[in-house]
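J.: coords please:
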Amino acid sequence: CQNPKVLDPAILGVSNNSKWHIAEQLPDVPRNASEITKAVQPLLTNCHKAIFIDPFFMAGPDILKWKRPFEMLMRTLSASRYQPSEIQIEVHSSADIHKAPTEEYFETRCRRELAHVIPCGLLVNFKRWRQKLDGKKLHDRYLLTDLGGVDFSIGLDEGEKGEVQKISLLKKNTYENVWEDYMSAHPAFDSLPGFTIPENG
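T.: Prediction:
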């Protein structure tokens with residue numbers, strides 16, 4: 001192949017070409033909806049599964065700091081897809097956090113604030129978890145896809161001006177462990193009843 005951007009796999013481990021090396025720690029980005037979304041855009045535009053994990057999702061009185069990133073992430077997932085409904089989207093959060101809303105209030109809040117920013121054709125499944133007795137704590141924030149995943153150091157919400165978000169690519173074993181915790185037949189947490197927006201597709 002004559003394209004300089006395409007490397008010959010035969011020289012993997014022999015060549016020191018910098019294109020073989022992928023940084024595990026992505027550059028810090030401003031903690032706002034646009035920059036957070038841009039950082040993970042390659043995953044979002046190519047994946048068929050997108051699992052967002054943040055224990056504190058939609059917690060607290062400031063809804064806009066959750067709503068703006070959610071809207072941009074959903075728009076990016078929907079972009080350039082012939083059939084958006086083919087993508088599996090889930091949002092996982094905790095029912096154990098301090099002052100966690102009840103199941104009914106959480107669902108009502110999500111439907112009221114998020115339904116109108118989900119692009120036509122997308123379905124988003126919302127799941128909540130409780131910590132098992134002597135089990136793992138639901139604490140870290142992730143984006144998992146069928147192509148790989150990233151660790152969001154602070155969360156999926158926006159911060160104050162000047163704050164930055166650290167985003168790290170998950171190593172294979174970490175990705176597999178997190179996937180097992182949330183997506184396997186034997187999750188690490190106790191599940192609560194979930195819901196889908198929009199309800200009827």
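J.: average pLDDT across stretch 162-169?
T.: Mean pLDDT, computed over stretch 162-169, is 92.
J.: check which residues of that stretch are buried.
T.: 165, 167, 169 (16 or more other C-beta atoms under 10 Å). Where C-beta positions appear, they are placed from N, C-alpha and C, glycine not excepted.
J.: and the helix or strand harbouring residue 177, how far from the chain's centre?
T.: Using DSSP states H and E, residue 177 maps to helix 172-183. Counting by C-alpha atoms, centre = their mean, to the nearest Å, helix 172-183 is centred 13 Å from the centre of its parent chain.
J.: next secondary structure after that helix?
T.: That would be, after helix 172-183 and using DSSP H and E, strand 189-191.
J.: buried residues in that next one, which are they?
T.: Buried residues in strand 189-191 (16+ other C-beta under 10 Å): residue 189.
J.: and that strand, which strands flank it?
T.: Partners of strand 189-191 in the sheet, by DSSP bridges, are strand 124-131 (antiparallel).
J.: pull out the buried residues from the partner strand.
T.: Buried residues in strand 124-131 (16+ other C-beta under 10 Å): 124, 126, 127, 128, 129, 131.
J.: now do the contacts for the third one.
T.: Applying C-beta atoms under 8 Å, 6 or more residues apart in numbering, one finds that residue 127 lies in contact with 90, 91, 92, 93, 191, 192, 194.
J.: which ChimeraX command selects the buried ones in the residues you listed?
T.: Filtering those down to the buried ones (16+ other C-beta under 10 Å) takes a single ChimeraX command:
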select :90,91,92,93
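J.: pretty sure residue 66 sits against residue 110.
T.: No. Using C-beta atoms under 8 Å, residue 66 is not in contact with residue 110; the gap is 9.6 Å.
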